[in-house]
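**Q** Predicted model and sequence follow; I will ask about them next.
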Amino acid sequence: MCLAIPGKIIKIDDKDDSATVDYGDGTKRMINISLVDVKIGDYVLVHAGFAIEKLDEVEAQKTLDLFREMLSDLEGK
Amino acid sequence: MFSLNDNKLAHEIVSNIKKKKINLKFMHVCGTHQDTLVKHGLDFFLKDCGIEIGQGPGCPVCVTTPKEIEEMIFLAKNGKIVTTFGDMIRVPGEKKSLQNLKTEGYDIRTVYGIEDAVLIAKNNPDKEIVFMAVGFETTAPTTASAILKNPPENFSILCCHRTIPFALKTIIDMGELKIDGLIEPGHVSTIIGIEPYEFISREYNIPQVIAGFEPIDILMGVWMLIIQIEQNSPFVQNEYSRAVKREGNIKAQKVMNKVFEVCDVKWRGFPIIPKSGLVLKNDFDQYDSRKKFEDDIIDLQNYKFKEPKGCRCGELLRGLISPRECPLFGVKCFPDNPIGPCMVSIEGSCNIEFKYLKNK
């Protein structure tokens, strides 16, 4: 139920809060974007036909950096 | 988009946890976390390291009560077009499921989301359409958003939305099991943010990590909990920062607050949990199936519902047993012929355990 799938916004129709997302596997679908502020090219998490949050690439990179840092800390011990 | 499939890191984390020679019990409340844990065998690896992770009441379909299912059955029998998510349709009520009813000719329809149900209402102006609105904070804003768009008069919802933080408090207060740390649900947290969990670390000294859904996310979450325990500094740590902001999704929270108010509600396997449910505010009475069709479901008000005989879903949802400890698991209860909801839902721990059974 709380499953949310990441997709990339490729088209926005402001009139009815809808956008088209590309899930990256050839699947494209219209979704509702009334719960988020997004622009074309943003990645969003889609749940039950709604974008529920924008994915943050900078934060994703920080997480990966944190993991790598942890790995090197572990190796150092 | 993101690369979180680092085998080397996964093995490093697991081997370092093992060196710590610990014995800890963690709980998560999310079917997608359970799927990752079982699918990738993390539950076994971690058990070998002294860490058990159980799924608490983290499956909205599973915690929906028999009474709510019976309400939908009554409404269908009274001529309404009943719509909800696929899993919900298959959960047995006291005698039958909505799916059984469909085979008897009643109009039961599976939808992907509330907007599909609104469309059915628009296309069937001479019929009443009821949407069974199930789900945690992840799903509730989608319901609220649709209600704010003034759906047609022949549309209403049977609101079964529940919220996570006070369910966690209740499970801790019940004191039935030891919880050394909590892995919080990533997608619920995208909406509510970090603050609503903080009282748990403050008042109960329990560390918490909001985690994503890749195997590395969960292992990192476990590692963060261990470090918090070692440092005796419990707080809510955000491992899933690529999707969860400290304040959550404020736009979604505002939409929810416009439409819903908090209520006390019963969860399957639990008593009534204070402040853990959502109901439509009075301004939206015309969309509240329970008010609109009060006469259709009045007989259910004081009815005492029985759980299916032998079913231990309640204990499972309280984290007291694992699926294989239920005598019905794989003997009388299967995904194709489920007795309890935890075997129906793809987020139910019995369904997940059964799905990956072949790999063990």
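**A** Cool, the structure landed.

**Q** Contact partners for residue 52?
**A** Picked chain A for this. Going by C-beta atoms under 8 Å, 6 or more residues apart in numbering or on different chains, A:Ile52 touches A:4, A:35-36, A:44-46, B:138, B:141-142, B:187, B:190-191, B:249, B:252. For the C-beta atoms, the positions are set from N, CA and C on the backbone; glycine is no exception.

**Q** my question was about chain B
**A** B:24-26, B:46.

**Q** Can you flag the buried ones in the contacts of A:Ile52?
**A** Among these, those scoring as buried are A:4, A:35-36, A:44-46, B:138, B:141-142, B:187, B:190-191, B:249, B:252 (criterion: 16 or more other C-beta atoms under 10 Å in any protein chain shown).

**Q** secondary structure element for the residue nearest the centre of chain A?
**A** Central residue of chain A (C-alpha atoms, centre = their mean): A:Val44, 3.0 Å from the mean position. If you go by DSSP states H and E, A:Val44 is part of strand A:43-47.

**Q** So what's the residue count around the closest residue to B:Trp267 other than its chain neighbours?
**A** Closest residue in space to B:Trp267, ignoring its immediate chain neighbours: B:Val63 at 4.3 Å, by C-beta to C-beta, 6 or more residues apart in numbering or on different chains. Applying other C-beta atoms under 10 Å in any protein chain shown, we find 30 residues neighbouring B:Val63.

**Q** Tell me the pLDDT of B:Val63.
**A** As predicted, B:Val63 sits at a pLDDT of 95.

**Q** contacting residues around it?
**A** Contacts for B:Val63 (C-beta under 8 Å, 6+ apart) come out as B:57, B:162, B:267-270, B:317.

**Q** Recalculate using a threshold of 6 Å.
**A** B:Val63 sits next to B:57, B:267-268 when contact means C-beta atoms under 6 Å, 6 or more residues apart in numbering or on different chains.

**Q** How many neighbouring residues does A:Ile12 have?
**A** Burial of A:Ile12 is recorded as 15 neighbouring residues (other C-beta under 10 Å).

**Q** Excluding chain neighbours, what is closest to it?
**A** Nearest to A:Ile12 is A:Ala19, by C-beta to C-beta, 6+ apart, at 4.6 Å.

**Q** buried set for the helix or strand that contains the one you found?
**A** Counting by DSSP H and E, the element that carries A:Ala19 is strand A:18-22. Under the neighbour-count criterion of 16+ other C-beta under 10 Å, strand A:18-22 has A:18-21 buried.

**Q** and the residue of the stretch 101-250 of chain B found nearest chain A, how many neighbours?
**A** Using C-beta to the nearest C-beta, B:Gly113 is the residue of the stretch 101-250 of chain B that sits closest to chain A, at 3.4 Å. Per other C-beta under 10 Å, the neighbour tally for B:Gly113 reads 20.

**Q** repeat for B:Asn23
**A** For B:Asn23, using other C-beta under 10 Å, the count is 10.

**Q** What of B:His40?
**A** So B:His40, with other C-beta under 10 Å, has 18 neighbours.

**Q** Repeat that for B:Thr83.
**A** 28.

**Q** Can you classify it as helix, strand or coil?
**A** Taken by DSSP: H, G, I helix; E, B strand; the rest coil, the conformation at B:Thr83 corresponds to strand.

**Q** residues in contact with it?
**A** Under the criterion of C-beta under 6 Å, 6+ apart, the neighbours of B:Thr83 are B:109, B:111, B:117, B:131.

**Q** and these, which two are the farthest apart?
**A** By the measure C-beta to C-beta, B:Arg109 and B:Phe131 form the most distant pair in the contacts of B:Thr83, at 9.7 Å.

**Q** Help me confirm that B:Met132 is found in a strand?
**A** Yes: secondary structure assignment places B:Met132 in a strand (three-state DSSP).

**Q** got the contact list for it?
**A** Applying C-beta under 6 Å, 6+ apart to B:Met132 gives the contacts B:72, B:84, B:88, B:158.

**Q** what does B:Glu137 give?
**A** B:163, B:188, B:191-192.

**Q** And the buried ones among the contacts of A:Ile52, which is closest to B:Cys311?
**A** Distances from B:Cys311 to the buried ones among the contacts of A:Ile52, taken by C-beta to C-beta, are shortest for B:Thr138, at 26.3 Å.

**Q** Distance-wise, check the closest one relative to A:Val46.
**A** 11 Å (C-beta to C-beta, to the nearest Å).

**Q** ok, now B:Val279?
**A** For B:Val279 relative to A:Val46 (C-beta to C-beta), the value is 27 Å.

**Q** returning to what we had before: from the contacts of B:Glu52, which single one is nearest B:Lys306?
**A** B:Lys306 lies nearest to B:Lys25 out of those, by C-beta to C-beta, at 30.9 Å.

**Q** OK, contacts around that closest one?
**A** Contacts of B:Lys25 (C-beta under 6 Å, 6+ apart): B:52, B:178, B:180.

**Q** That one falls within a strand, correct?
**A** Yes: assessed by three-state DSSP, B:Lys25 belongs to a strand.

**Q** and it, bridged to which residues?
**A** Following DSSP bridges, B:Lys25 is listed with bridge partners B:Glu52.

**Q** Run a quick neighbour tally on B:Pro125.
**A** 10.

**Q** Using the three-state scheme, assign it.
**A** Under three-state DSSP, B:Pro125 falls in the coil class.

**Q** how close does it get to B:Glu153?
**A** Computed as C-beta to C-beta, the B:Pro125 to B:Glu153 distance reads 9 Å.

**Q** so B:Asp295 is in which element?
**A** In the assignment (DSSP H and E), B:Asp295 maps to helix B:294-297.

**Q** Help me confirm that the residue nearest to the centre of chain A comes into contact with A:Lys54.
**A** Yes: taking contacts as C-beta atoms under 6 Å, A:Val44 lies within contact range of A:Lys54: 5.5 Å.
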